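>>> Next come a sequence and a model predicted from it.
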Amino acid sequence: MKFGLITTNLRGGGAEKAMLKLSALLAGRGHETHLLILEHRVEHDLPPGITFTALTRPGRTASKGMLGKYLLAWRLRLCVNKLAGDTPFDLIVSTLPFADEISRLARLPKLWHRIANTLSAEIGRLSATSPTKAARRLKKYRQLYAQGQLLAVSDGVADDLRELGIATRRVECLYNPFDANAIQTAAKAPTPLPETPYVVHVGRFSAQKRHDLLFEAFRQLPDSHALVLLCHDDPALRAMIAHHGLAERVIVAGFQPNPYPWIAAADLLVLCSDHEGMPNVLIEALLLGTPVVSTDCPSGPREVLQNGRCGRLVPCNNAAALRDAMRETLSGKDDIAPFDPSPFLPGTAISHLERLAQETC
């Protein structure tokens, strides 16, 4: 079979990593696999066995204006037609709203959009400051996705799409695939790690990830542990750290193409987002045997942690609850059940895509 996977760029983040994993697994299964990015910005190693194509020169971003979008869609359509040749694609999957929009404008055949976040949480956050902007965003998503075929990264995301009236044609849940052996092998790579015990947080610096909540909870913990942030450095991030009096306890380690040694060596991984789609980092931490604490945000954490059996779930936007859960987990007093990775195995995801490719044909 021939598969095409499309995203905006490969600068980092869960959605980009998921597309790389899917590409590698499809190629490993013997399928002709093409990974296309709209702008040539790459911070990950490309898997072997795939065909990689970028629509801009290295380092150049794509225009986000309407004229730029139509031009990019035209180029994408030409590129896909050229790559198809005499053998059409059996399935094309795009992810992230900009790539989804360009793919739709390009009128690509056999296209599914992969939805990686709970859109209602994003719209709700906008409503708090600008109801008009929130209404426009919802209208945009409905126009973009209502007639499309959608792959939700969790059951929670799928339910959210239905409740918003966005998924009016077809939506299916496709969990991200995780190769436990590869993750555990990557965790053994030589890496200069902190010598002090630490708690780790993996995620870009953005309002969604709630670093402010993390700092408020962490500053109330004993200073036996440092806090390591795997994200790009940012002046606003440094200012927030200083505001909470944590300049001596927080290590901004930067974006790490291989975060697994950092996760495996941590005494705790914490996720404190207001919303997610399916937080990959929780699954990766559990596969590495690292305890986790997470907000019970929509969506994903409750599915991954099996209603709190495999890790602590706390309410969103509650620093005290987050602090207490972190403290208790670090003390080793939590009674945590073993993690069952079977829903997230690679074979499950690839078989699902193969079935969709056959149906689409």
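That came through fine.
>>> so where's the stretch 51-200 of the chain uncertain?
By pLDDT under 70, the stretch 51-200 of the chain has no low-scoring segment.
>>> what about the strands in it?
With strands called from DSSP state E, counting those that start in this stretch, the stretch 51-200 of the chain shows them at 51-54, 91-95, 111-115, 149-152, 170-173, 198-202.
>>> With distance to residue 358 and mean neighbour count as added columns, please give those in CSV.
No exception for glycine: its C-beta is placed from N, CA and C like everyone else's. As requested, the strands of the stretch 51-200 of the chain are arranged in CSV below (distance: least, Cβ to Cβ, whole Å; neighbours: other Cβ atoms under 10 Å):
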stretch, distance to residue 358, mean neighbour count
strand 51-54, 22, 16
strand 91-95, 9, 26
strand 111-115, 13, 25
strand 149-152, 14, 24
strand 170-173, 14, 16
strand 198-202, 36, 24
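>>> With residue 309 as the reference, name the closest of those.
With Cβ to Cβ, the closest approach to residue 309 among the strands of the stretch 51-200 of the chain belongs to strand 170-173: 20.3 Å.
>>> Ok, which of the strands of the stretch 51-200 of the chain comes nearest residue 345?
strand 170-173 (14.6 Å).
>>> now for that closest one, which elements pack on it?
Using 3 or more Cβ pairs under 8 Å, 6 or more residues apart in numbering; DSSP states H and E as the contact test, the elements touching strand 170-173 are strand 149-152, helix 155-163.
>>> Check the burial of residue 73 by counting its neighbours.
19 (other Cβ atoms under 10 Å).
>>> which residues does it contact?
Neighbouring residues of residue 73 by Cβ atoms under 8 Å, 6 or more residues apart in numbering: 102-103, 105-106.
>>> likewise residue 240?
Counting by Cβ under 8 Å, 6+ apart, the residues that residue 240 touches are 211-212, 215.
>>> Skipping adjacent residues, who's closest to residue 179 in space?
residue 346 (5.5 Å; Cβ to Cβ, 6 or more residues apart in numbering).
>>> can you pull the contacts of the one you found?
21, 25, 177-179.
>>> Can you report phi and psi for it?
phi -60, psi -40 (degrees, to the nearest 10).
>>> Just want to check the distance between it and residue 353.
The gap separating residue 346 from residue 353 is 11 Å, by Cβ to Cβ, to the nearest Å.
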